[in-house]
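Asker: Whatever this is, show me its structure:
(2 chains)
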There are 2 protein chains.
Amino acid sequence: MLFRERTDVGEAKEMFLAAIKGMERTELLPATSSIGRVLSTSILAPRNVPHYRRSAMDGFAVRSVDLIGASPTNPVMLQIADDVLEGTCAPVNTGDYVPDEADAVLMMEDTISIGDMIEIRAQLHPGKNVGAIGEDVRKNEIIFNKGHLLRPCDIAVLASLGISDVKVYAKPVVAIIPTGNDLLPLPGDDVPPPGKTLDINSLMIGEYVEKWGGIARYCDIVPEDKQLIEDAIRSNLDADMIVVSGGTSVGDKDYVPAVVEKLGKKLVHGVGLSPGKPTALGVADNVPILCMPGYPAAGLVALFAFGKPALKKAGTIPHTPEITIKATLSGKIMSREGYVSYARVILEGDIAHPLMTAGAGILSSIAKSHGFVIIPENVEGHEEGSIVDVVLIE
Amino acid sequence: MLFRERTDVGEAKEMFLAAIKGMERTELLPATSSIGRVLSTSILAPRNVPHYRRSAMDGFAVRSVDLIGASPTNPVMLQIADDVLEGTCAPVNTGDYVPDEADAVLMMEDTISIGDMIEIRAQLHPGKNVGAIGEDVRKNEIIFNKGHLLRPCDIAVLASLGISDVKVYAKPVVAIIPTGNDLLPLPGDDVPPPGKTLDINSLMIGEYVEKWGGIARYCDIVPEDKQLIEDAIRSNLDADMIVVSGGTSVGDKDYVPAVVEKLGKKLVHGVGLSPGKPTALGVADNVPILCMPGYPAAGLVALFAFGKPALKKAGTIPHTPEITIKATLSGKIMSREGYVSYARVILEGDIAHPLMTAGAGILSSIAKSHGFVIIPENVEGHEEGSIVDVVLIE
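Answerer: Have a look, this model is predicted:
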């Protein structure tokens, strides 16, 4: 009945990720709807930027030849005009078209205006302060590589190039299967009867799936019945990933890992993760299956440790580092030897207060904590006053 | 014509933020639509969690009195039954209702099954492995404080408490006013005529505003005309913040800062920010106004340095740290003395390659770079091989 197996978190994750193929489906989207999406093809610039000789400064467009020999002791005077000819200059603002006859732009700050003339006390290189055609982006150069995650600034770049549609990877569909005889579906305006629990895990998993770039497919609650669990998993093997919540411990009715083994391959059951030990990982029909503990806090940790990287890989979504801040512990944190421990902490400025009620079943520990101090297997814990990295709970 | 003023970035930001009041408008939202929103009132738990005595383990509900004296040499046998009476025990799974007569749960792992009996070799404290009513969340305790940013896990906590609606701060409305005679509105499927530029800044600003939790109000392009700029700003003083793009340098037609001064107070014009020096900051009718350079790269830096913290304050949205990673520079980064420099870098694993074409007008520098190395005023730059913090461009 005990977990004989207890796979290291790192090893378990590696096995799970190795079983996941990246996304192959793509879709064409308006560029303005593609923020947070991942390019499935590289994008070439369809035109030059700038597409005209552009002034890089506010000042005067000049012929540099007119300024040869200019110096403080031998200033040159130019007439302000609409056109640039020998002895004239034309005012330009940053970004303006530089008249064809001009080959340089003199900064406003380097001139002295005297009526409709300007006095110049220095020479200027040809090309100075003039953005050449294609200087910024050259037509046909790769502007974004395949696999690039599109940011708001990138959308602006695409718009400037007249690119209105982009080909991106489809979002991975994640089927969420809650199991348990004691579960009731949300909403739960009334207090559930004793022994019954609201299925909040589906909502929690689904909202994180959407946040991480997937599509949540919410499934009905499945009773603790081997055949029904098998049916539920089997009917979702068209998804890109399956998360089963509950039924993965060592109790009489914890059928989920056995069902996964029957349908495909159980890679791991029991990991060195605290909370989250009963997590099982498997794959069936190339679909990764995360079986996470039904207790919300343990489930959340399993979701962060395995679900997030798996979803990113299933969606070919680049990894983004977690937001981590340094803080000083106001108390000791104990950890469990041989386990990666996710200790919950409350942040108050740069002080991290360990949360005492940190059991897997303690829902409030999620609500009250700002982040996790993740303690590796081989570290015993942290003393009061230690400076630790706190990974914010997103 | 030169910027006589050049305010430190830190000082400028402090002055700007001091002029911004937090959000006062609130709205009632379904809890499931409130992720990323900020609570405008604290939330009290309307009920106990658990609301029944809950088993914390898979095992057997027992009367601890039955196990007094149990030891390896003196094991106690209990009959497995549906009810817990003297000498009987009832199987329970994690989360199950613990029968009223039982006062402890024996872990499955600590028993030996012999037919319909179990053998127990240790005593058990009363209450062991039984979650008391209200142990997790006590009715009427504060579960979330006013000002809390709601995360997916919090929505699950709200659902478990039967809370279906939450009162949150309204999103700050940010009016975006592009200025410039050479600007053309998007989309720009055709190459604009020479001297004309597509207004990509509005899109860039708007998408960041939405990402940071605001509502973008896109305004028409305003020509370089003092009265028209004044009209545009005046007609948006009902917004929570105004961002004006362009017209803030020292050219003839850079009227924006003067208009801000006329309508309210210009706090700063010219900051020690590179790129982004021409940034102006002001306030009119209690509405903060960010006047950012029209050049996209400089505008983006001004938006990150001033627009983001201002929007967060205007929306009473808690600060979230930037995602920062350590990297080794593959080349030297120069900075401008007296300026906070945002040097753009390309990341390749943990190597940061400085981007050479880093002018304010260089659009591709945004597309190609992954992050900024932010160099303080008093630092001259970084040598090749230095380990630096790279702030990812979100």
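Asker: list the contacts for the residue nearest to A:Ile393 when sequence neighbours are not counted?
Answerer: Take A:Ile393 and drop its neighbours on the chain: the residue closest to it by CB to CB, 6 or more residues apart in numbering or on different chains is A:Gly371, 5.5 Å away. Every C-beta, even on glycine, is put in place using the N, C-alpha and C of the backbone. Neighbouring residues of A:Gly371 by CB atoms under 8 Å, 6 or more residues apart in numbering or on different chains: A:325, A:344-345, A:347, A:352, A:390-393.
Asker: do that again at 6 Å, thanks
Answerer: A:345, A:390-393 (CB atoms under 6 Å, 6 or more residues apart in numbering or on different chains).
Asker: and if you look at A:Tyr208?
Answerer: With contact taken as CB under 6 Å, 6+ apart, A:Tyr208 is in contact with B:Pro152.
Asker: If you count neighbours, what's buried in the helix or strand that contains it?
Answerer: A:Tyr208 belongs to helix A:201-211 when elements are defined using DSSP states H and E. Neighbour counts over helix A:201-211 (16 or more other CB atoms under 10 Å in any protein chain shown) mark A:201-209, A:211 as buried.
Asker: List the contacts of stretch A:154-173.
Answerer: Residues from elsewhere that reach stretch A:154-173 (CB under 6 Å, 6+ apart): A:23, A:25-31, A:34-35, A:37-41, A:45-46, A:214-215, A:217, A:239-241, A:314-316, B:186-189, B:198, B:200, B:203-204, B:207, B:363, B:367.
Asker: which of those count as buried?
Answerer: Neighbour counting with 16+ other CB under 10 Å marks A:23, A:29, A:31, A:34-35, A:37-40, A:45, A:214-215, A:217, A:239-241, A:314-316, B:186, B:188, B:198, B:200, B:203-204, B:207, B:363, B:367 as buried within those.
Asker: and these, which of them are in strands?
Answerer: Judged by DSSP state E, strands contain the following of the buried ones among the contacts of stretch A:154-173: A:29, A:215, A:217, A:241, B:198.
Asker: Could you give the average pLDDT over the strand or helix carrying A:His353?
Answerer: Using DSSP H and E, A:His353 sits within strand A:351-354. For strand A:351-354, mean pLDDT is 95.
Asker: packing partners for that strand?
Answerer: strand A:324-329, strand A:340-348 (3 or more CB pairs under 6 Å, 6 or more residues apart in numbering or on different chains; DSSP states H and E).
Asker: So for B:Thr7, which of these sits nearest?
Answerer: The closest of the helices and strands packed on strand A:351-354 to B:Thr7 is strand A:324-329. By CB to CB, the value is 28.4 Å.
Asker: Strand partners (parallel or antiparallel) of that closest one?
Answerer: For strand A:324-329, the paired strands and their directions (DSSP bridges) read strand A:351-354 (parallel), strand A:387-392 (antiparallel).
Asker: Is there a neighbour count for A:His319? I'd like the number.
Answerer: Counted by other CB atoms under 10 Å in any protein chain shown, the residues lying close to A:His319 total 10.
Asker: Now it: closest residue in space that isn't a chain neighbour?
Answerer: A:Lys312 is the one closest to A:His319 (CB to CB, 6+ apart), at 6.1 Å.
Asker: Closest to A:Asp231 out of the buried residues of helix A:201-211?
Answerer: Once CB to CB is applied, the member of the buried residues of helix A:201-211 that ends up nearest A:Asp231 is A:Ser202, at 17.6 Å.
Asker: Do I have it right that that closest one meets A:Ile176?
Answerer: Yes - A:Ser202 lies in contact with A:Ile176 (CB atoms under 6 Å); the separation is 5.1 Å.
Asker: what touches both of the two?
Answerer: With CB under 6 Å, 6+ apart, A:Ser202 and A:Ile176 have common neighbours A:Tyr218.
Asker: Of the helices and strands packed on strand A:351-354, flag the one that's most buried.
Answerer: Stretch with highest mean neighbour count among the helices and strands packed on strand A:351-354: strand A:340-348 (a mean of 21; mean count of other CB atoms under 10 Å in any protein chain shown).
Asker: Quick one: mean pLDDT over that one.
Answerer: 93.
Asker: The residue nearest to A:His319 looks like it's in a helix, true?
Answerer: Yes - counting by DSSP: H, G, I helix; E, B strand; the rest coil, A:Lys312 is part of a helix.
Asker: And it, how far from A:Thr320?
Answerer: Look at A:Lys312 and A:Thr320: by CB to CB, to the nearest Å, they are 8 Å apart.
Asker: out of those two, which sits in the busier spot?
Answerer: Neighbour totals were compared for A:Lys312 and A:Thr320, and A:Lys312 leads with 21 against 13 (other CB under 10 Å).
Asker: Roughly how far does A:Val390 sit from B:Val391?
Answerer: 18 Å.
Asker: Apologies, that question was intended for A:Ala102.
Answerer: 39 Å.
Asker: neighbour count winner among those two?
Answerer: Between A:Ala102 and B:Val391, A:Ala102 has the larger neighbour count (other CB under 10 Å), namely 25 against 19.
Asker: Give me the neighbour count for the nearest residue to A:Val76 once chain neighbours are set aside.
Answerer: Nearest non-adjacent residue to A:Val76, counting by CB to CB, 6+ apart: A:Ala70, 4.2 Å away. The number of residues packed near A:Ala70 is 19, by other CB under 10 Å.
Asker: got a list of what A:Ala70 touches?
Answerer: Per CB under 6 Å, 6+ apart, neighbours of A:Ala70: A:76, A:120, A:122-123.
Asker: Report pLDDT for A:Leu2.
Answerer: 51.
Asker: Tell me where the stretch 51-200 of chain A has strands.
Answerer: Secondary structure of the stretch 51-200 of chain A (DSSP state E, counting those that start in this stretch): strands at A:54-55, A:59-62, A:76-80, A:88-92, A:104-107, A:111-114, A:117-120, A:130-131, A:142-144, A:165-169, A:173-178, A:183-184, A:197-198.
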